[in-house]
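**Q** following is a predicted model, sequence given first.
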Amino acid sequence: MSTDDLHLRRVDAVRAWTSFVTLGDGGEPAVRPEILRSWELSGVVSPTLTHAPLADESDTADFWRASPLQTAVTRVQDELRRTAEDGDLVIAVTDEETRILWTYGGRVMRRKAETVNFVPGGRWDEASVGTNALAIAGRTDAPSMVFSAEHYAEVVHNWVCWAAPVHDPATGRRLGVIDLSTTWDRTHPIGLATARVMARLIETAMPTSARAVASNVPAPGEPGLTLTLLGTAEVWLDGQRLLLNRRQTEILALLSMHPSGLSVEQLHSLLYGDSAVTTSTLKAEVSHLRAALRGQLSSRPYRLTLPVATDIDEVQQRLRVGDVRGALGRYGGDLLPGTDAPALVEMGDYLAVSVREALLADPDPDAVLRYSELAPYDTHVVEACLAAIGHQVHPAVPLLKGRLAASGR
């Protein structure tokens with residue numbers, strides 16, 4: 001579009017926005033149906049707000065570290081940054097609740113983004129800031145563009161945004177959205193296509209471990225608590241994802257491992273070890289967790305009072321019956337990567353050794369290939385598998401030999 005065309009489009013958008021804000025339901029603004037629907041959902045916020053609300057910084061950082069999106073974005077961040085710098089864009093990746101987890105911006109847009117909290121922790125759902133491309137893409141699970149005054153908040157009327165949902169490639173579940181934003185006068189017809197390409201780029205970079213454990217996600221409405229703790233951290237209550245910080249997830253993991261319950265002293269020891277953390281801090285975390293679980297966490301002792309399923313239990317159960325391939329299908333990697341809770345570190349080591357020993361005893365080729373993705377430098381298991389296959393013809397042999405070559409053996 002020419003500069004004049006863009007200016008006329010902006011004038012029309014401002015006129016429609018003014019009509020809607022002034023007349024409410026009585027107006028008939030000439031905007032796309034998806035924009036009008038979003039405006040209608042945005043009435044809970046003021047169109048004159050100056051910035052997005054911020055979520056807790058530590059919670060956001062904990063969620064980002066545990067998310068498979070973090071691994072995927074890290075793998076492709078050079079491409080994302082080049083795109084941002086070449087187009088003077090700010091790029092954002094959100095969680096499924098449209099909370100920003102990661103951003104990168106060109107020189108001009110980075111400063112503009114910071115002034116409106118378009119930064120990690122910023123909440124950009126419609127209930128927080130009104131109409132924007134991130135919110136619409138997240139709510140509709142489809143790519144979205146929002147131009148100038150199509151935004152509900154006047155503070156971003158100078159922006160144009162393109163957003164596309166990011167899905168788990170194994171399950172199809174939406175993990176969040178990626179958004180590209182710049183000033184309205186830099187609107188380009190390939191903006192939305194670029195957002196789609198960036199979303200696919202992230203999806204293809206998703207960690208294999210995250211894809212494997214994704215099958216543990218419960219169906220919508222399934223009762224009880226489901227914990228995915230190996231290689232990542234996800235908590236589902238009755239089919240709904242809970243957004244918990246790292247400590248709360250660690251507490252849940254420990255309680256799931258001790259179904260008969262733990263005293264406050266026992267839980268403190270298992271969680272913090274010798275660290276100088278007060279029991280009041282632990283009690284505060286448990287209180288928040290109890291609220292998230294709708295009261296299904298009893299006291300004296302602390303005990304979960306609802307059905308619980310974990311990938312830890314499933315891996316152990318499959319190992320007990322000799323189902324090595326099934327165990328590796330559920331084993332997503334380290335237990336809560338980065339945890340410093342003594343009991344969880346110990347359990348993680350126990351599981352890792354158990355899986356490895358099971359593979360050495362029964363080196364199923366498919367299971368060994370899966371394991372080699374998680375532990376690429378553990379060549380001993382691969383060598384044991386190739387020795388067990390011997391001179392037999394097996395489709396896994398070239399892949400196993402490729403693993404050895406890639407590790408320098």
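**A** Sure, I can see it.
**Q** and the most centrally placed residue in the chain, how far is that from Gly261?
**A** For the chain, Ser67 is the residue whose C-alpha lies nearest the centre (CA atoms, centre = their mean; 4.2 Å). Using CB to CB, to the nearest Å, Ser67 is found at 30 Å from Gly261. Placement of C-beta: from N, CA and C, glycine included.
**Q** can you check Asp364 too?
**A** Asp364 is 38 Å from Gly261, where distance means CB to CB.
**Q** neighbour count: these two, which is higher?
**A** Asp364 (20 against 16; other CB atoms under 10 Å).
**Q** which regions of the stretch 101-250 of the chain sit below the pLDDT cut-off?
**A** For the stretch 101-250 of the chain, the stretches flagged by pLDDT under 70 are 171, 208-223.
**Q** now do the helices in it.
**A** Secondary structure of the stretch 101-250 of the chain (DSSP state H, counting those that start in this stretch): helices at 107-115, 126-129, 133-140, 191-204, 208-213, 246-257.
**Q** buried deepest among those helices, which one?
**A** Highest mean neighbour count among those (mean count of other CB atoms under 10 Å): helix 133-140, with a mean of 25.
**Q** one step back: for the residue nearest to the centre of the chain, give me its contacts.
**A** Residues near Ser67 by CB atoms under 8 Å, 6 or more residues apart in numbering: 95, 101, 175, 232.
**Q** show me how the protein divides into domains.
**A** For the chain, automatic domain parsing gives the domain ranges 3-206, 214-309, 320-406.
**Q** and these, which is most packed in?
**A** Across the domains of the chain, averaging neighbours per residue (mean count of other CB under 10 Å) puts domain 3-206 on top, at a mean of 19.
**Q** not counting its neighbours along the chain, what's nearest Val146?
**A** Residue nearest to Val146 in three dimensions, not counting chain neighbours: Ala133, with 4.3 Å by CB to CB, 6 or more residues apart in numbering.
**Q** ugh, typo on my part, it should be Cys385
**A** Nearest non-adjacent residue to Cys385 (CB to CB, 6+ apart): Pro363, at 3.8 Å.
**Q** show me where the stretch 151-300 of the chain has strands.
**A** Ranges of strands in the stretch 151-300 of the chain, per DSSP state E, counting those that start in this stretch, are 159-167, 174-183, 225-228, 234-237, 240-242, 297-298.
**Q** of the ones you listed, give the one that comes closest to Thr140.
**A** Closest to Thr140 of the strands of the stretch 151-300 of the chain, according to CB to CB: strand 159-167, at 8.4 Å.
**Q** against which helices or strands is that closest one packed?
**A** The contact analysis (3 or more CB pairs under 8 Å, 6 or more residues apart in numbering; DSSP states H and E) places strand 159-167 against helix 133-140, strand 144-147, strand 174-183, helix 191-204.
**Q** how about the strands of the stretch 301-409 of the chain, start to end?
**A** Taking DSSP E, counting those that start in this stretch as the test, the strands found in the stretch 301-409 of the chain are 303-304, 308-310.
**Q** can you list the low-confidence ranges for the stretch 301-409 of the chain?
**A** In the stretch 301-409 of the chain (pLDDT under 70), the answer is 407-409.
**Q** ok, the residue nearest to Asp362 when sequence neighbours are not counted - contacts?
**A** Excluding its sequence neighbours, the residue lying closest to Asp362 (CB to CB, 6+ apart) is Val324, at 4.9 Å. Val324 makes contact with 318, 358-359, 362, 364, 367, according to CB under 8 Å, 6+ apart.
**Q** give me the nearest residue to Ala61, chain neighbours excluded.
**A** Closest residue to Ala61 apart from its sequence neighbours, by CB to CB, 6+ apart: Pro120 at 7.6 Å.
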